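Asker: let's see this in three dimensions:
(4 chains)
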There are 2 protein chains.
Amino acid sequence: MTSSGMQRPGGRTARVRTAVLKAAEDALVEVGFAGLDLGDIARRAEVGRTTVYRRWGSVGALLADVLTDMAEQSLPRARTGSLHEDLRANARLVQRTLADPRQGALFRAVLLAATCDPAAAEALHRFYRTRVDEWAPCVTEAVERGELPPGTDPAEVVRAVSAPLYYRMLTTPDPLDEPTADRAAAAAESAARAGAFRPAGPEVI
Amino acid sequence: MTSSGMQRPGGRTARVRTAVLKAAEDALVEVGFAGLDLGDIARRAEVGRTTVYRRWGSVGALLADVLTDMAEQSLPRARTGSLHEDLRANARLVQRTLADPRQGALFRAVLLAATCDPAAAEALHRFYRTRVDEWAPCVTEAVERGELPPGTDPAEVVRAVSAPLYYRMLTTPDPLDEPTADRAAAAAESAARAGAFRPAGPEVI
DNA sequence: TCGCTAACGGGACTTTGGTGCCGTTAAGAT
DNA sequence: ATCTTAACGGCACCAAAGTCCCGTTAGCGA
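Answerer: Numbering: from 1, shown residues only, chains lettered A, B, ... in the order given. Take a look at the predicted model:
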């Protein structure tokens, strides 16, 4: 008896999954989220249409799988030993990712999918939790070094770096460039140094 | 000859538009962005299906019109005379808006639509530009009062207040509450006071 | 190497989102 | 009040997304 969970994950099945995920990304970049069509993706992947419908069933579920796949390829975070440098490295990484035609389109699409599809939402939340946890040590170490006030919430600082970049991407037509990334990092750093990210209020002098 | 532009905007036409926009919002809240169907919206609005397809033609265009309509109902900004209070008022307004089931769903949907539909994107960008301009005077006045360093970019400060709220809404399952809003406002204020939002670098002592 | 069966693939079939046609209604000008 | 025509509404039509069925392929265990 094969374990009930994944029954036959090797060989062909894995090959089909890889081809379909790749095709989904390609289609996303070319035609955008709105134009996604499972039939078209099957054609691109040179895979039976039925297969795609059976294994994923919806655009949301497929994008959730794409995101899960992306989450597994984790990039190493910077370790420069200075909060300022670390946050800037993080900001620039996010900026480059969002500005990249392929990755950027992908992220926008998954953000979209997450608002309608529960599976995509779950995958998205896991993805960001992972990424934030990955960078949080930068902040923890800065607190230990005495660069930041004790009690600072590391995750909040990391999120504060990304937030302006995402907000800009979504609500303005302006391009995401390096100066923007550096400003986001600098703003987060200033706020953190001022103690804005401690759970308790900032009324301690 | 009627002026070229809008040819017959009164009476029935306006009534149809109102009914359809209302129906679109209802549908959005009930079935979500992914489930939007122009036929269904026409049924809800008690309007001919053909009419909706002819006047708007796509979900993106319809949502763009919904957003344009929303932009016209502008809420007055706070004028408390203190940067801290003003930014907090702004943050809480955004928080309440995004946390509201109806408005929140609507904003998410329009953000989505903007990433695939050019018309929706344009409407969205206009909307945010308007809102940011509306609140920018808070910051300008704070600069004049000497609360913030000269050269501070007002729009960037206002955006810095909203950004963490949107980021949280999109990337985490956590609810948007008042403390979160207050923290966002406080962080933006700290960063602004530290001079993080001046176009030139913050290396002036 | 062989057998079992999970997973794939092709094609027919159904459902549904979207378009075209044309008669009807009512806004706005005279 | 009357006329013109922009805009609406119903219906038939079309195309394409999604489902079903069943025969075929190939992973995996013995």
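Asker: all contacts plus neighbour counts: C-alpha atoms, from now on.
Answerer: Fine.
Asker: if I look at A:E122, how far off is A:A187?
Answerer: 30 Å (Cα to Cα, to the nearest Å).
Asker: which one of those two has more residues nearby?
Answerer: In this view A:E122 and A:A187 are compared by other Cα atoms under 10 Å in any protein chain shown, and A:A187 has more residues nearby, 28 against 16.
Asker: distance of that one relative to B:V157?
Answerer: 10 Å.
Asker: which parts of chain A sit against chain B?
Answerer: With Cα under 8 Å from any Cα of the partner chain as the criterion, chain A meets chain B at residues A:32-34, A:108, A:111-112, A:115-116, A:124-125, A:128-129, A:159-160, A:163-164, A:166-167, A:170-173, A:183, A:186-192, A:194, A:196-197.
Asker: give me the contact list for stretch A:123-140.
Answerer: For stretch A:123-140, contacts defined as Cα atoms under 8 Å, 6 or more residues apart in numbering or on different chains pick out A:64-65, A:67-68, A:71, A:77, A:79, A:81, A:83, A:86-87, A:90, A:110-111, A:114, A:154-155, A:157-159, B:171-173.
Asker: residue in chain A nearest to DNA strand D?
Answerer: A:G10 (3.2 Å; Cα to the nearest atom of the strand).
Asker: and the lengthiest helix in chain A, what's buried?
Answerer: Looking across chain A with DSSP state H, the single longest helix is helix A:118-145. Residues A:119-127, A:131-132, A:134-143 are the ones in helix A:118-145 that count as buried (16 or more other Cα atoms under 10 Å in any protein chain shown).
Asker: can you pull the contacts of A:G151?
Answerer: A:198-199.
Asker: let's verify it: helix, strand, or coil?
Answerer: coil (DSSP: H, G, I helix; E, B strand; the rest coil).
Asker: what pLDDT is listed against it?
Answerer: Note for A:G151: predicted pLDDT of 96.
Asker: what ranges do the helices span in chain A?
Answerer: So, for chain A - with DSSP H - the helices run A:12-31, A:38-45, A:49-55, A:59-72, A:83-99, A:101-116, A:118-145, A:154-171, A:178-193.
Asker: model confidence over the first one, on average?
Answerer: Computed over helix A:12-31, the mean pLDDT rounds to 94.
Asker: shaky segments in chain A?
Answerer: Residue ranges of chain A with pLDDT under 70: A:1-9, A:200-205.
Asker: distance of A:A99 relative to B:L106?
Answerer: Distance of A:A99 to B:L106, given as Cα to Cα: 26 Å.
Asker: the more surrounded of those two?
Answerer: More crowded of A:A99 and B:L106, by other Cα under 10 Å: B:L106, with 24 against 16.
Asker: who touches the nearest residue to A:A121 once chain neighbours are set aside in this structure?
Answerer: In space, and not counting its chain neighbours, A:A121 is closest to A:A114: 4.0 Å by Cα to Cα, 6 or more residues apart in numbering or on different chains. Contact analysis of A:A114 by Cα under 8 Å, 6+ apart lists A:60, A:120-122, A:124.
Asker: switch to 7 Å and redo it
Answerer: For A:A114, the contact set (Cα atoms under 7 Å, 6 or more residues apart in numbering or on different chains) comprises A:120-121, A:124.
Asker: correct me, but A:S162 touches A:A91?
Answerer: Yes - using Cα atoms under 7 Å, A:S162 is in contact with A:A91, at 6.4 Å.
Asker: list the contacts of the nearest residue to A:V20 once chain neighbours are set aside.
Answerer: Of all residues not flanking A:V20 in the chain, A:A45 sits nearest, at 5.2 Å (Cα to Cα, 6+ apart). Neighbouring residues of A:A45 by Cα under 7 Å, 6+ apart: A:19-20, A:23.
Asker: mind listing what's buried in stretch A:38-56?
Answerer: A:38-39, A:41-42, A:44-45, A:47, A:51-52.
Asker: and which of the contacts of A:A114 is nearest to B:Q95?
Answerer: Ranked by distance to B:Q95 (Cα to Cα), these are led by A:A121 at 20.4 Å.
Asker: next one: the closest residue to A:R193 other than its chain neighbours from A:T50, what distance?
Answerer: The shortest distance from A:R193 to any non-neighbouring residue, by Cα to Cα, 6+ apart, is to A:L148 (5.2 Å). The gap separating A:L148 from A:T50 is 55 Å, by Cα to Cα.
Asker: domain boundaries for chain A, per the record?
Answerer: Following automatic domain parsing, one gets these domains for chain A: A:12-58, A:72-193.
Asker: any chance of TSV for those domains, columns distance to DNA strand D?
Answerer: TSV is the format used below for the domains of chain A (distance: least, Cα to the nearest atom of the strand, whole Å):
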stretch	distance to DNA strand D
domain A:12-58	4
domain A:72-193	13
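Asker: make CSV out of the ones you listed and add distance to B:Q95.
Answerer: CSV is the format used below for the domains of chain A (distance: least, Cα to Cα, whole Å):
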stretch, distance to B:Q95
domain A:12-58, 28
domain A:72-193, 15
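Asker: mind checking which of the ones you listed is nearest DNA strand C?
Answerer: Among the domains of chain A, domain A:12-58 sits nearest to DNA strand C (Cα to the nearest atom of the strand), with 3.6 Å.
Asker: pull up the distance across the closest one, start to finish.
Answerer: Domain A:12-58 end-to-end distance (Cα to Cα) = 21 Å.
Asker: close to DNA strand C, is it?
Answerer: Yes - using Cα under 7 Å from any atom of the strand, domain A:12-58 reaches DNA strand C at A:12-13, A:16-17, A:46-51, A:54-55.
Asker: contacts only, for A:A61.
Answerer: For A:A61, the contact set (Cα under 7 Å, 6+ apart) comprises A:119-120.
Asker: for B:F33, see how far away it is.
Answerer: Distance of A:A61 to B:F33, given as Cα to Cα: 16 Å.
Asker: dump the buried residues of stretch A:38-56 to JSON lines, plus distance to B:P179.
Answerer: Listed next are the buried residues of stretch A:38-56 as JSON lines, based on distance: Cα to Cα, whole Å:
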{"residue": "A:L38", "distance to B:P179": "42"}
{"residue": "A:G39", "distance to B:P179": "46"}
{"residue": "A:I41", "distance to B:P179": "44"}
{"residue": "A:A42", "distance to B:P179": "47"}
{"residue": "A:R44", "distance to B:P179": "48"}
{"residue": "A:A45", "distance to B:P179": "47"}
{"residue": "A:V47", "distance to B:P179": "50"}
{"residue": "A:T51", "distance to B:P179": "47"}
{"residue": "A:V52", "distance to B:P179": "44"}
